[in-house]
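1. I'll drop the sequence and a predicted model, then ask my questions.
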Amino acid sequence: DAMTKDELSQLVSVLGDREKKERDRLDAIRAFCEGDTFLHFDQVVNIMETHLKENRSAERVELVRQCYNRLIEAEMAPDLLELLTQSERLAVEKHLGVLARSFTKNNPTGFYRLDLGKKPQRDICLRLLELQNSQLKLIKEM
């Protein structure tokens, strides 16, 4: 499900609160981007440009890490990396790994060796299961 306007407003409110510690803002990013929550590319860009300027590197990295495999427009995930500085991009790429950066929900065919102890790879597993379940549902309806 797409992040609701209320949820987005709450996240933006936490990120905009200079009284909050960086750790609290990072926790908010993780909390709002968990489960079945997906964001539009434009929502992530807006958060980055409006609330996470370059001097908030840890939060920028965390937002892209969390949203990379949770974009509604999955084909635009690599474009998220372009919003980051070189060092931020390297941190995200290291965390995601090659598999997470090469997976696309629009063409998930192939073989995968997933380490479910790593969140980005768990997210891929969940996406694959969602795709399988939706396909099985369509087949049963035929």
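-> Thanks, I have it.
2. Going by C-alpha atoms from here, please, whenever you check contacts or count neighbours.
-> Fine.
3. all helices of the chain, in order?
-> Applying DSSP state H to the chain gives helices spanning 5-16, 22-32, 41-51, 57-67, 77-81, 86-102, 119-141.
4. With just CA atoms, put the shortest one into CSV.
-> Think helix 77-81. Output of helix 77-81 as CSV, limited to C-alpha atoms (Å, rounded to 0.1, in the frame of the first residue of the first chain):
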residue,chain,number,x,y,z
ALA,A,77,14.8,3.0,-7.9
PRO,A,78,18.3,3.5,-9.4
ASP,A,79,17.4,7.2,-9.8
LEU,A,80,17.2,7.5,-6.0
LEU,A,81,21.0,7.0,-6.0
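5. Quick check: which of the helices of the chain has the most neighbours on average?
-> helix 57-67 (a mean of 22; mean count of other CA atoms under 10 Å).
6. got the contact list for that helix?
-> When contacts are defined by CA atoms under 8 Å, 6 or more residues apart in numbering, helix 57-67 is touched by residues 22, 25-26, 29-30, 33-34, 38-39, 44, 48, 52-54, 80-81, 84, 88-89, 91-92, 95-96.
7. Please repeat the previous calculation with a cut-off of 6 Å.
-> Identification of contacts with helix 57-67 by CA atoms under 6 Å, 6 or more residues apart in numbering yields 26, 88, 92.
8. Can you tell me which of those comes closest to E73?
-> V92 (18.9 Å; CA to CA).
9. show me what contacts D42?
-> With CA under 6 Å, 6+ apart, D42 has no contacts at all.
10. how far away is L15 from K118?
-> To K118, L15 is 25 Å away according to CA to CA, to the nearest Å.
11. before we move on, what about H51?
-> In terms of CA to CA, H51 sits 28 Å off from K118.
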